[in-house]
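>>> this is a predicted model, with the sequence first.
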Amino acid sequence: MNNKRIKRLFFITGCPAFAGFVFMYLYPFIRTVWYSLINNTFQKRFAGFKNYADVLANPYFRRAAYNTAVFSVTGVTFIIVLSLLLAFGVYRLSEKYTFIKNFFLVPLLLPTAAIIFVWQSVFLSDGYYFFAKEAAFTDFWTMLPVYLIYIWKNTGLNLIILSAALASIPGEVIEAASLDGAAGFKLHRYVTLPLVSPLLLFVFVLSLVNSLRTFRESFLFFRTNYPPDPAYTIQFYINNHFLKLNYPTLTAASVMFTVSLVLLLSLVYRWENKLNEKTY
């Protein structure tokens, strides 16, 4: 097969995917940016960055942005550490007990409504309500159910990915490192983790995205568009303005949220590339 035929085949097969990306992602995002620059959906006059300034000056947006950042940083950090620890244990046990990995995928198969019903029966009881209200760190106890739902539902997939990454490390590398005196924490710090860093980065991105997709669980759990202050995130802010048909405000918030996320992921990938250069 000559080069021209390969290029033609690549072009034919790639056009549908590119068209889907343009019409389903790129064009809607451009329309979103345009809506964020007009005064309202009726007059459609150019307003510049006024909507962005109004959103940044809104105390509810600042509160939502702060809560979202706290939830993502805390939740992603904890779930990655927990997934790594479980992956090391499951990697050793799965050689004898192959069903263990399947057990951790059960939360992904359960309907969200059924999960929320169980958590509500525990964390919306009068006993827990009065405990959370009177105890120290009230914000933490208010958000604890959402953290637990996020961790319980997403740890299994992270564990499967990380255990597969550990299984892909050649045994000769581990044996050579052991002969050189690396063992325990040093073995994982200088050998195991650098070798699985690409998939660890993928798990980080996946966990970050999943932390931003907890709106459904949080909304069903608190059963309101206006949850307690610690649980009021960017998703609630955008959804409430959508219900009010306040498109310029919600699109401005969406654009800032998207740009912030893209910048964060760019910094993470840049850091990961530098780490790979030092490792290899």
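Cool, got the structure.
>>> rest of the way, CA atoms for contacts and neighbours
Fine.
>>> residues contacting residue 88?
Applying Cα atoms under 8 Å, 6 or more residues apart in numbering to residue 88 gives the contacts 163, 166.
>>> could you pull up the mean pLDDT of the helix or strand containing it?
Remark: residue 88 resides in helix 59-93, with elements defined by DSSP states H and E. For helix 59-93, mean pLDDT rounds to 88.
>>> ok, residues contacting the helix or strand following that helix?
Counting by DSSP H and E, the next helix or strand C-terminal to helix 59-93 is helix 100-104. For helix 100-104, contacts defined as Cα under 8 Å, 6+ apart pick out 90, 93, 94, 155, 156, 157, 159, 160.
>>> keeping just the C-alphas, turn the host helix or strand of residue 51 into CSV.
Per DSSP H and E: residue 51 is located in helix 50-57. Below are the C-alpha coordinates for helix 50-57, written out as CSV (Å, rounded to 0.1, in the frame of the first residue of the first chain):
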residue,chain,number,x,y,z
LYS,A,50,-18.7,42.8,32.0
ASN,A,51,-20.2,39.4,32.6
TYR,A,52,-16.9,38.0,33.7
ALA,A,53,-16.4,40.9,36.1
ASP,A,54,-19.9,40.4,37.5
VAL,A,55,-19.3,36.7,38.0
LEU,A,56,-16.0,37.3,39.8
ALA,A,57,-17.6,39.9,42.0
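>>> from the contact counts, what lies against that helix?
Helix 50-57 sits against helix 247-279, with contacts defined as 3 or more Cα pairs under 8 Å, 6 or more residues apart in numbering; DSSP states H and E.
>>> could you rerun that using 10 Å?
helix 59-93, helix 247-279 (3 or more Cα pairs under 10 Å, 6 or more residues apart in numbering; DSSP states H and E).
>>> quick one: work out the angle between the longest one and helix 247-279.
Right, helix 59-93. Angle of helix 59-93 versus helix 247-279, following axes from the mean of the first three to the mean of the last three Cα atoms, to 10 degrees, is 40 degrees.
>>> for the stretch 51-200 of the chain, give me the ranges with low pLDDT.
The stretch 51-200 of the chain contains residues with pLDDT under 70 at 94-99, 126, 129, 132-137, 173-175, 177-190.
>>> how close does residue 256 sit to residue 234?
Distance, residue 256 to residue 234, by Cα to Cα, to the nearest Å: 11 Å.
>>> so which of the two has more stuff around it?
residue 234 (25 against 15; other Cα atoms under 10 Å).
>>> list the contacts of the nearest residue to that one once chain neighbours are set aside.
Once flanking residues are discounted, residue 234 sits nearest to residue 64: 4.9 Å by Cα to Cα, 6 or more residues apart in numbering. Residue 64 is in contact with 70, 229, 230, 231, 232, 233, 234, 235, 236, 237, 238, counting by Cα atoms under 10 Å, 6 or more residues apart in numbering.
>>> what subset of those is buried?
230, 231, 232, 233, 234, 235, 236, 237, 238 (16 or more other Cα atoms under 10 Å).
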